[in-house]
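**Q** Show me the folded form of this:
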Amino acid sequence: MESIQPLIDKAHELIQRADQLQSKEPSVRSVPKLSKRIKAELNFLHTLQSGDVELKENQLQSTNLTHLEAVLSAAESLPGVSDIFSAKHATDEKGNQKTLVIDVIANHGAIWVKVTARRGHALYRVWQGEGDYGDKDIVEQALEYNNFASSNPVKFIVPKVHVMFLKGLPSEVKGELESVGIATHGHVLSNTDDHRIDVPCFDWSVLKELKVIHAGDPRRNRVNLDVSTMIAMTSNLTHNGCWFDYPECLLINDQAIEERHHPQLTALYDILKGKQLFACSTAITIYKDIVGNVAGPMEQARAKMLLTKVRIVDDCVSKRTQELGWSNKIKERPKIIFGTGDALEMVTVSANGSFIRSASKHNITYAVDLHQSRAFTERKEAQAVTIKKDDAFKRINLEQILRDLLNPS
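**A** Numbers count the residues shown, from 1 in each chain. Next up is the predicted model:
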């Protein structure tokens, strides 16, 4: 029973670390799922310790704690972690849907991580076809990650697969994985006798700066603007018009309150900096109509300035968007706008989160950067009540955004 207590202590330590990760990085999804798995291992160890179940040595050797600790360490070390044990879906050549659970997703979706805590010598034996029944070849597992990554692009870019080898990486395995574009990390074993020596502890610190760069990919430099985004970029509300109370319109008043605390042009600047602006014909037609009927003089002047920097493309709706059924939340206009961005492989910038959520219920995920909605307000300022300006932000205006575009025309 003495051999069980260190494992129980380790489980308690991992639960505490998982709680700390959840507190420090609340945006990381599925940390509770990781905690649940650790607690299940802990309950199993308590059952063994109680003597209710006959203790066998292989039960302690087969505990998942080592793997769970490795996944947690990866989540603590990698930059931009968004999910742990994330279920991804793909369709095989026969049309059947398959599911694969990814250990860690990092770099805001651009990196998929597979962690293995098996000894390098054991991995080598399985790779050679000498493993026991049920043993999984790490190369086959990594290739499956690669196949699923191809079916789950993030903003049209296929995620890069990385495999972390905690207890040694056979050089032959390293060579095969890297030949198909899979990155490897771990102490390289130069020959099969290396299993006799202790492998250095895995250095998690080297992962903190791990990133994927797609500088040469033009899809990273183009964005498709929704009508809601063009309105937000040119509204008085985002140009110091938030320092009013709008008692006649609760919706605009709520947006003014939001804008005081969350300036949307700052968020949009981060999205649009270094990008080329595109919009489909339908979006431009609708935007011009709204500007002509609702916008005030300064808002109209900004709209004219913005449109000189936007390249107009013909409506070109992707096939999957055409097949998307109509509903109260899925209407023709957003289908055209998002469908065009989808067909031309451009990220769509929008405040229309309801369309995105509705589409996801039909298993369609669009490449999108969402922001808060802002309305035209200049004509309503005459009836609004001026409030004291107490601004803690250095606000950005439309001119600054347009100045820092990629090769603005």
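
**Q** mind showing which ranges of the stretch 101-250 of the chain have poor pLDDT?
**A** Low-confidence segments of the stretch 101-250 of the chain, defined by pLDDT under 70: 191-197, 211-218.

**Q** And the helices in it, which stretches?
**A** Using DSSP state H, counting those that start in this stretch, the helices of the stretch 101-250 of the chain run over residues 120-127, 138-151, 171-179, 227-234, 250-261.

**Q** For R357, which residues are in contact?
**A** K329 (CB atoms under 8 Å, 6 or more residues apart in numbering). C-beta here means a position set from N, CA and C on the backbone, and glycine is covered the same way.

**Q** Just the C-alpha atoms of the one helix or strand it maps to, please, in CSV.
**A** Here R357 is covered by helix 353-360, with elements defined by DSSP states H and E. Only the C-alpha atoms of helix 353-360 are listed here, as CSV (Å, rounded to 0.1, in the frame of the first residue of the first chain):
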residue,chain,number,x,y,z
GLY,A,353,-22.8,36.4,-33.5
SER,A,354,-26.3,35.0,-33.7
PHE,A,355,-25.7,33.8,-37.3
ILE,A,356,-22.5,32.2,-36.3
ARG,A,357,-24.1,30.3,-33.4
SER,A,358,-27.0,29.2,-35.6
ALA,A,359,-24.7,28.0,-38.3
SER,A,360,-22.6,26.0,-35.8
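
**Q** quick one: buried residues of stretch 227-244?
**A** Neighbour counts using 16 or more other CB atoms under 10 Å place 227-239, 241-244 of stretch 227-244 among the buried residues.

**Q** before we move on, what about stretch 8-16?
**A** I8, K10, A11, L14, I15.

**Q** Which ones among those map onto helices?
**A** Among the buried residues of stretch 8-16, the members found in helices (DSSP state H) are I8, K10, A11, L14, I15.

**Q** and the gap between K167 and G134?
**A** 19 Å (CB to CB, to the nearest Å).

**Q** In terms of neighbours, single out the busier of those two.
**A** With neighbours defined as other CB atoms under 10 Å, K167 and G134 compare such that K167 has more, 22 against 5.

**Q** now the more buried one, nearest residue through space, not along the chain?
**A** Leaving aside its sequence neighbours, K167 sits nearest to R119 (CB to CB, 6 or more residues apart in numbering; 4.7 Å).

**Q** For the closest residue to I271 other than its chain neighbours, the count of nearby residues, please.
**A** For I271, ignoring the flanking residues on the chain, the nearest one in space by CB to CB, 6+ apart is D369 at 4.8 Å. By other CB under 10 Å, 16 other residues sit near D369.

**Q** what's the answer for F85, then?
**A** A count of neighbours around F85, defined by other CB under 10 Å, yields 19.

**Q** which phi and psi does the residue nearest to E332 when sequence neighbours are not counted have?
**A** With sequence-adjacent residues excluded and distances taken as CB to CB, 6+ apart, E332 is closest to W326, at 7.4 Å. Dihedral angles phi and psi of W326 (degrees, to the nearest 10) take the values phi -80, psi 140.

**Q** What segments of the stretch 101-250 of the chain are strands?
**A** Secondary structure of the stretch 101-250 of the chain (DSSP state E, counting those that start in this stretch): strands at 111-119, 160-167, 169-170, 183-185, 188-189, 222-225, 244-245.
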